[in-house]
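In: the following comprises the amino acid sequence and a computationally predicted model.
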2 protein chains.
Amino acid sequence: MQLTELYEQVIAGNFRALARAISLVENEMPGYGQFLQELTFTRFTPVIGITGPPGAGKSSLVNALVGTLLAQKAKIAILAIDPTSPFNYGALLGDRIRLAQHFNNPDVYIRSMATRGSLGGLSDKIIEVTDVVRNAPFDYIFIETVGVGQSEVEIAGLADTTIVVMVPEAGDEIQTMKSGIMEIADIFAVNKADRDSADAFARNLGKMLHEKPAAAWNVPVIKTIANKNEGIEELLAQIQKHTQINQLNPKKAFLLAQKALQLIQKQRMKDIDRIGLKNQIAQLLAQNRHFNLYRFIEKYYT
Amino acid sequence: MQLTELYEQVIAGNFRALARAISLVENEMPGYGQFLQELTFTRFTPVIGITGPPGAGKSSLVNALVGTLLAQKAKIAILAIDPTSPFNYGALLGDRIRLAQHFNNPDVYIRSMATRGSLGGLSDKIIEVTDVVRNAPFDYIFIETVGVGQSEVEIAGLADTTIVVMVPEAGDEIQTMKSGIMEIADIFAVNKADRDSADAFARNLGKMLHEKPAAAWNVPVIKTIANKNEGIEELLAQIQKHTQINQLNPKKAFLLAQKALQLIQKQRMKDIDRIGLKNQIAQLLAQNRHFNLYRFIEKYYT
C-alpha cells in the first residue's frame, strides 16, 4: 500500500490502517518520516491526558468516561502507556481487563504502547503516535500514563486537558502530593470518593488551588467513584468545558521544541558510519599511543 | 593564564595547574575543547581501574597499593568516582578517610568526581579528565569506581588494567557474581582473605577462569587483606606484569567511539538556537492548529 493511500484510509477511520500507520511510525519503518510530514491535522481532536499515582484508578476512570461518551455516540481512541518493567505486569493486566469491555466496540480504538525503558516516562514515540491518531476521525483521544517518573510532565505538554487522578489518603493531608502536580492539572478527580476522608481531601485540595493567583481557568476538583459510575458526568462536563476554552497550552511548545531537537539530532547523526568510526578508532589506537580523540573528531563537525 | 601555559604546567607536574585543567574540562569552561585538542600524550601512564561491589574494600586496596608504590618512589594519581546519591555518603566518607593519609603527600594527586546522575555509572567527563591526567607526570593512574550499575563496563574500556575486587561470600559459591564481570577482569583480588571461605572462593573463581579458552593473558586470582597490607606486593607484581604486555584493549575502541559520537552530536547541535526554536514553535502553534512539526524541522537537516 502506498503511504498516501494509507493516510487516506487513516483519515477515513479505518482502524486496520490506523494500526499499520502507528506501527510504521513506532518502529521507524521505511517511509515513516515522509508519512509524518504528510499529516494535515485538518480536524481538531482534544487530547485528554490521565495521570496520577498507581492505584488511583486511572483505568477505571477512563473506562467510565469512555462508557458515557459512547452512549453519546462519540468515537474514542485510547493510548495506554505500559511500563516495560516486569514489576508492574500484575497491576497492568488488571487494568487492561477492565478496559476489555470496550475492546470489540467499533467506536473505540485501543492501543497500548511500551515505555521502552525511558524509566517511568511516556514512550519516546508518543508524540508522533498521537499526531497520527489526531488525523483519524475521533472525537476524543485519551492518553493514560503509568503515573510514575516523568510521565506527568510529559503528559501535561502533550494533552489539551490533563486530568490528575488522586485518591483520598489517610487523614486529610496532601503532604505526599508530588511537587509539580498542582501545576499540570487542568482538572482534579478525587476518585474512590466513597472513602471517609474524601470530602476533607477534596476540600483541602480546593483550598490549595484557590491560594494560587486567579487564572483564565479555575481548576475544578471533582469527586468520582469510577467503578460505580458516580461523578463521571460532572467530570465529563468539565472536560468538555475545558476543551472549549481552547487556549494554547504553554507546555506544548516546550515539549515540541524538545522533540524537534531530538529529531534534528537524529537526522544530523545519520550520515556517520558508527561501525566505521569504531574500527577507525581501534586502528588508530593500535598504531598510535598518542592518539588524540578530540582532534580526530574535528572533521565530523559540520 | 594562557591555555598553552596551563598545559605546560600540567606536563611539568604542577598539581594546582592540573586541578585547574581538570576543572576547565569537567565544567566545560571556555577553551576546554581547544585544551583537549592540544594534549600530546607523549608519555604512557598505565590506567588501573578498580571495581567490585560496595563493601569489597576497593578504597582500602587502593590505599595499600598506593602506600607500596610510594615506597618505590612512584608518583600516583587517584580518580575516585563519588556517587551523587545521598544513600552512599556514609560509606563514602569512610572510604575517603582511609585515603586521607596520602592527602598531603606531594607524590599523590587525589581528585574525586561526582557521577552526576548517570546512575551508578562513571562521570560523563571521566574520559576527558583521565586524558588530562595522562599528560601529567604520573607513573600510575588509579580509577576507583562506586561499583554499581554500568561502572564496570565503562571502567573496562577506560583502564589499561582492570582489577575486580571481590569478598569471599557465605559458602564457596560465586553464584552472586554479576554477569559480565568475568569478561572485564584482568586481575581478580579476593580481599578480606582472612575469612574462612576465602580459599574455597578463590579456588572456585580460578576454576571458572580456567574453563574459558586460553588467552594471551591468564587472569590471576590474588588473595589480599588490604588493611593488613597482605598480598599487596603480589597484586602489584601482577599489575606491573599486565601493564608490560601492553596489548590493545578492545573495549577501549568501543568506549572511545561512543564518546566520539557524543562529542560530534554536541558539536552539531551547537548552532541551533534552542530558545528561538521554542518561541518559534509556540508562535506557530498559536497561529496554526494544522502545524506539522515534522515538516517544520526539515530546514534544520544539514
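Out: Sure thing, it's come through.
In: the helix or strand that A:F254 is a member of: how far from the chain's middle?
Out: In this structure, A:F254 is located in helix A:250-269 according to DSSP states H and E. For helix A:250-269, the separation from the chain centroid amounts to 16 Å (computed by CA atoms, centre = their mean, to the nearest Å).
In: next, the angle helix B:250-268 makes with that helix.
Out: Using axes from the mean of the first three to the mean of the last three CA atoms, to 10 degrees, the direction of helix A:250-269 lies 120 degrees away from that of helix B:250-268.
In: what residues of helix A:250-269 count as buried?
Out: Residues A:251-261, A:263-265, A:267-268 are the ones in helix A:250-269 that count as buried (16 or more other CB atoms under 10 Å in any protein chain shown). Heads up, the C-betas are built off the backbone N, CA and C, glycines and all.
In: list, out of those residues, those positioned next to chain B.
Out: Restricting the buried residues of helix A:250-269 to those touching chain B (CB under 8 Å from any CB of the partner chain) yields A:252-254, A:256-257, A:259-261, A:263-265, A:267-268.
In: check whether stretch A:294-302 contacts chain B.
Out: Yes - counting by CB under 8 Å from any CB, chain B has neighbours in stretch A:294-302: A:294-298, A:300-302.
In: by mean pLDDT, flag the weakest helix or strand of chain A.
Out: Sorting the helices and strands of chain A by mean pLDDT, DSSP states H and E puts helix A:89-99 at the bottom, at a mean of 51.
In: and for stretch A:64-80, what's in contact with it?
Out: With CB atoms under 8 Å, 6 or more residues apart in numbering or on different chains as the test, stretch A:64-80 has contacts from A:13, A:59, A:62, A:95-96, A:99, A:101-102, A:105, A:107-113, A:126, A:129-130, A:133, A:136-144, A:224, A:226-227, A:229, A:232-233, A:235-236, A:239.
In: how does it look with 7 Å?
Out: Outside stretch A:64-80, the residues that touch it by CB atoms under 7 Å, 6 or more residues apart in numbering or on different chains are A:62, A:102, A:105, A:107-113, A:129-130, A:133, A:136-144, A:226, A:229, A:232-233, A:235-236.
In: next one: it to chain centre, how far?
Out: Distance of stretch A:64-80 from its chain centroid, counting by CA atoms, centre = their mean, is 17 Å.
In: how about that stretch: buried residues?
Out: A:64-67, A:69, A:75-80.
In: so of these, which ones are in helices?
Out: A:64-67, A:69 (DSSP state H).
In: TSV for the residues you listed, including pLDDT?
Out: Converted to TSV, these look like this (pLDDT from 0 to 100):
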residue	pLDDT
A:A64	94
A:L65	96
A:V66	95
A:G67	94
A:L69	96
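In: for these, which one is nearest chain B?
Out: A:L69 (22.1 Å; CB to the nearest CB).
In: and A:R111, what does it touch?
Out: A:22, A:79.
In: what's it sitting at in phi/psi?
Out: phi -130, psi 130 (degrees, to the nearest 10).
In: CA atoms only for stretch A:238-255 - export them in CSV, please.
Out: In CSV, the C-alpha atoms belonging to stretch A:238-255 read as follows (Å, rounded to 0.1, in the frame of the first residue of the first chain):
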residue,chain,number,x,y,z
GLN,A,238,-15.7,19.9,33.0
ILE,A,239,-13.6,18.2,30.3
GLN,A,240,-15.9,19.5,27.6
LYS,A,241,-15.9,22.9,29.1
HIS,A,242,-12.1,22.9,29.3
THR,A,243,-11.6,21.8,25.7
GLN,A,244,-14.0,24.6,24.7
ILE,A,245,-11.8,27.4,26.1
ASN,A,246,-9.3,26.0,23.7
GLN,A,247,-6.4,28.1,24.9
LEU,A,248,-2.8,27.4,23.9
ASN,A,249,-1.0,25.0,26.2
PRO,A,250,2.3,26.8,27.0
LYS,A,251,3.9,23.4,27.9
LYS,A,252,3.2,22.1,24.5
ALA,A,253,5.7,24.4,22.8
PHE,A,254,8.4,23.3,25.3
LEU,A,255,7.6,19.6,24.6
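In: neighbouring contacts of that stretch?
Out: A:46, A:48, A:154, A:156-158, A:160-161, A:186-187, A:216-217, A:220, A:222, B:278, B:281-282, B:285-286.
In: how about the residues of the stretch 1-150 of chain A near chain B?
Out: By CB under 7 Å from any CB of the partner chain, the part of the stretch 1-150 of chain A that sits against chain B consists of A:33, A:36-37, A:39-42, A:44.
In: now render the residues you listed as a markdown table, adding pLDDT.
Out: Formatted as a markdown table, the residues of the stretch 1-150 of chain A next to chain B follow (pLDDT from 0 to 100):
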| residue | pLDDT |
| --- | --- |
| A:G33 | 91 |
| A:L36 | 95 |
| A:Q37 | 93 |
| A:L39 | 94 |
| A:T40 | 91 |
| A:F41 | 89 |
| A:T42 | 87 |
| A:F44 | 85 |
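In: specify which member of the residues you listed is nearest to B:H290.
Out: Nearest to B:H290, judged by CB to CB, of those is A:F41 at 4.3 Å.
In: where does the closest one sit: helix, strand or coil?
Out: coil (DSSP: H, G, I helix; E, B strand; the rest coil).
In: filter the residues of stretch A:294-302 next to chain B down to just the ones in strands.
Out: Among the residues of stretch A:294-302 next to chain B, none falls in strands (DSSP state E).
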